[in-house]
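>>> quick check, what structure comes out for this input:
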Amino acid sequence: MDKILSPIKSRVLQYIDSQGLTKKSFFEKTGISPSNFKGKGAQSELGGDKIVTILTVYKNINPYWLLLGKGNMMSELSETSQIELENNGAIETIIASSVVKLVGPLLDDMRTDIKLLVKNIGELRLDFDDYTEEQVEKEKK
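Below is the predicted model of the structure:
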């Protein structure tokens, strides 16, 4: 069976290749486990904390490209702008804000879907209980 990488993980690997980095150095600098990119782990998306770490360590990645695959791979901030942001301690805040803005609506949709699924499970349990009672009644007769 072919390994299917999640879209963000696929873009991370594309970035690593384009920058001539080794996967080992990437994993060491970010603290992300290589298992996230192997086997079943490769199919799930990275968590927001890992995305923020990547964007914090590798400041030249365009967050919009990393998350959505749109725009340029490389950030359009100049090196001087990046240094100014770092000196003000704001880069993490900007990255976190960008991640929240992009991922927030997806999480809201997921919460709505989960609520609907929980409701459906509850209804199925009631139906199953009714069915079980009917079967017990039939066996008594």
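
>>> please count neighbours and contacts with C-alpha atoms only from this point.
Noted.

>>> heading C-terminal from the helix or strand of the chain with the lowest mean pLDDT, find the next helix or strand.
The least trusted helix or strand in the chain, going by mean pLDDT, DSSP states H and E, turns out to be helix 79-87, with a mean of 53. Scanning forward in sequence from helix 79-87 by DSSP states H and E, the next helix or strand is helix 91-140.

>>> now do that following helix, average pLDDT.
Per-residue pLDDT values over helix 91-140 give a mean of 83.

>>> wait, a strand at Gly20?
No. The assignment for Gly20 (DSSP: H, G, I helix; E, B strand; the rest coil) gives coil, which keeps it out of a strand.

>>> per-residue confidence at it?
Predicted confidence (pLDDT) for Gly20: 92.

>>> from Phe128, how far off is it?
When CA to CA, to the nearest Å is the yardstick, Gly20 and Phe128 sit 57 Å from each other.

>>> and these two? Which one has more around it.
More neighbours sit around Phe128 than around the other of Gly20 and Phe128, counting by other CA atoms under 10 Å; the figures are 12 against 8.

>>> so what's that one up against?
Not one residue lies near Phe128 by CA atoms under 8 Å, 6 or more residues apart in numbering.

>>> hmm, try it at 10 Å
With contact taken as CA atoms under 10 Å, 6 or more residues apart in numbering, Phe128 is in contact with Gly122, Glu134.

>>> measure it to Gln135 for me?
In this structure, Phe128 lies at 10 Å from Gln135, with CA to CA as the measure.
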